[in-house]
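S.K.: The sequence isn't on hand, but the structure is:
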């Protein structure tokens, strides 16, 4: 996180019109595609060196699918992900391996993402087996000890098994594994949501420290809007497979213009009982529609209080609305709404 | 607010006897809830908040869990010494519980209508038809759209938020005097959480019920609670009216929790994390259980267990240095 909130450095990851559909099939022998879950449906963003891009959204909005696409665990249905100019969807073999070395992932669940039969030393050292050029064989134990130290674990625990650690410590092990190959980008999918409040802060602080130390770029995916604000330079708000609003943390949290962002922010309970009366709450009705059958036009229109006929007909694009651009100021940032309009919902302190 | 307590827990103790040793999950918890009041029990995992609720409800897994002491007075009668049959009749009718995970708390092979109707058939002796009609009313009441058509659906056919509404409907069916909600919205998305919490608060007002809200979320507590009890290692370490607790906590653990959460409404610098981990319940440190993590710990904290000191009217804190903690803001 940079204090000035400005993005720094050149774009190392360029995502353009990224689409991932999961086919829905029927029949056992003669599988027939009857539809598709449109998990990610046309997303573009840049990630610059050393910055943190936060991605927020409710369950089912496609944020975890983006994470899996970025580390190439899934192949995109359409669109491109370019790492330093190379389209990673087109790479294979050695070239793909080299890119993967530089984009690592930290998973949500520290209980299932570590192999219970492997020692911590083997878990953190495994990336070196796959990319032997990073550390010569004789040097690996030393590198693992160093990594343990970097993430705040005792290097003496190198021979212990995951079950001997607490949730927060396990998440540190996962982070050490992600760091082993000295990547440029770390994709963190809900890295702190399984942790207790008092431990969560330790891990968030660790991630921030490591970012400064190793000049890492983070894609930080979470449903907790407070944590995302804390750690991010820029924030993308997702709804049903699309980004509905994107901007710096202040633009999104203090000057939201998309109705969904406004509703989402107003729903977050603020730990301040005095704010109970001051706050205006936008209560959405209903649930998120199925991504297999999203509404036409604007996907949020079925829950939106501003929806008009145009919203069903024309899909709003993620761009700076012309009327906001003319007015200038922090409200002039990309927002995919025909009727985007600033409305402060977070009671400022 | 009435003077007579709806529920009074006195010095409750629960332990789990496991192969690894005796885990002391609840170590002398006392608290009081009045009719129409919301008490939030705040704590991290392993603090004993859910076990306390289970002991009060009488649904503790036993063995390995055993209530080893204390009283649970509900409308003046001790639930712990009551016969199981008597207690069963109170459960659901007078005190009810809402669980975190509605999908595993509801019966997957019974329609939601049948599960709701069962409450009326068993406790009120209604006919099947009558009970079913009441079930539809109830589903309407918790704002499930098209309740009439959905009454014959199974739990898995509902979304998470709708399932939680059904859980609330079930808890409310017999209009109990006290509801214990154990992390009722933790599994839900924020926009759905807001809907469910609003509904719960509205119904609580309407029926003038007492509510015990068990949660780890300081934001949810600030939104709905009247009073808070903060738990740590099986003990209540601080109790206070909600406004006072957030304004000036009297226990270093509470202070630490408030400082360690990022805020939506401001961009902070580095978070003030509490160092270390909560203790294992099989080896709770002597003296104050929080002392190894506490920035204020002195020698006395490592030897003498602090009782709950009265701090102000309606406020207590189990810290030898509560005065310094209060003044330190």
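M.R.: Done, it's in. Since the model is a prediction, treat every value here as computed from it, not as a measurement. Residues are numbered from 1 along each chain as shown, chains lettered A, B, ... in the order given.
S.K.: which residues in the stretch 101-250 of chain A form strands?
M.R.: A:103-106, A:185-189, A:217-222, A:234-239, A:242-248 (DSSP state E, counting those that start in this stretch).
S.K.: Which residue ranges make up the domains of the chain?
M.R.: Reading this off chain A. If you go by automatic domain parsing, the domain ranges for chain A are A:11-26+A:34-239, A:257-349.
S.K.: could you do chain B instead?
M.R.: With automatic domain parsing as the reference, chain B has domains B:1-94+B:177-256+B:307-329, B:102-175.
S.K.: As CSV, those with mean pLDDT, distance to residue A:301 and mean neighbour count would be great.
M.R.: C-beta coordinates here come from the backbone N, C-alpha and C atoms, glycine included. Listed next are these as CSV, based on pLDDT from 0 to 100; distance: least, CB to CB, whole Å; neighbours: other CB atoms under 10 Å in any protein chain shown:
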stretch, mean pLDDT, distance to residue A:301, mean neighbour count
domain B:1-94+B:177-256+B:307-329, 89, 15, 19
domain B:102-175, 89, 18, 18
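S.K.: Dump those domains to CSV, plus distance to residue B:275.
M.R.: Shown next, in CSV, are the domains of chain B (distance: least, CB to CB, whole Å):
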stretch, distance to residue B:275
domain B:1-94+B:177-256+B:307-329, 9
domain B:102-175, 35
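S.K.: name the element residue A:266 belongs to?
M.R.: helix A:259-267 (DSSP states H and E).
S.K.: Any chance of the backbone angles for whichever residue of the stretch 1-150 of chain B sits closest to chain A?
M.R.: Going by CB to the nearest CB, chain A is nearest to residue B:44 of the stretch 1-150 of chain B, at 4.1 Å. Here is the backbone geometry of residue B:44 (degrees, to the nearest 10): phi -90, psi 180.
S.K.: thinking it is in contact with residue B:279, fair?
M.R.: No. Assessed by CB atoms under 8 Å, residue B:44 is found out of contact with residue B:279, at 11.2 Å.
S.K.: how close does the residue nearest to residue A:61 when sequence neighbours are not counted get to chain B?
M.R.: Distances taken as CB to CB, 6 or more residues apart in numbering or on different chains place residue A:238 nearest to residue A:61, at 4.4 Å, with adjacent residues excluded. For residue A:238, the distance to chain B equals 12 Å [CB to the nearest CB, to the nearest Å].
S.K.: so can I have JSON lines of the strands of the stretch 101-250 of chain A showing mean neighbour count and distance to residue B:127?
M.R.: Output for these, formatted as JSON lines (neighbours: other CB atoms under 10 Å in any protein chain shown; distance: least, CB to CB, whole Å):
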{"stretch": "strand A:103-106", "mean neighbour count": "24", "distance to residue B:127": "57"}
{"stretch": "strand A:185-189", "mean neighbour count": "24", "distance to residue B:127": "52"}
{"stretch": "strand A:217-222", "mean neighbour count": "25", "distance to residue B:127": "50"}
{"stretch": "strand A:234-239", "mean neighbour count": "25", "distance to residue B:127": "46"}
{"stretch": "strand A:242-248", "mean neighbour count": "24", "distance to residue B:127": "51"}
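S.K.: Turn those strands into CSV, columns for mean pLDDT.
M.R.: CSV is the format used below for the strands of the stretch 101-250 of chain A (pLDDT from 0 to 100):
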stretch, mean pLDDT
strand A:103-106, 93
strand A:185-189, 94
strand A:217-222, 94
strand A:234-239, 95
strand A:242-248, 95
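S.K.: Can I get the ones you listed in TSV including distance to residue B:22?
M.R.: TSV is the format used below for the strands of the stretch 101-250 of chain A (distance: least, CB to CB, whole Å):
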stretch	distance to residue B:22
strand A:103-106	36
strand A:185-189	38
strand A:217-222	38
strand A:234-239	47
strand A:242-248	52
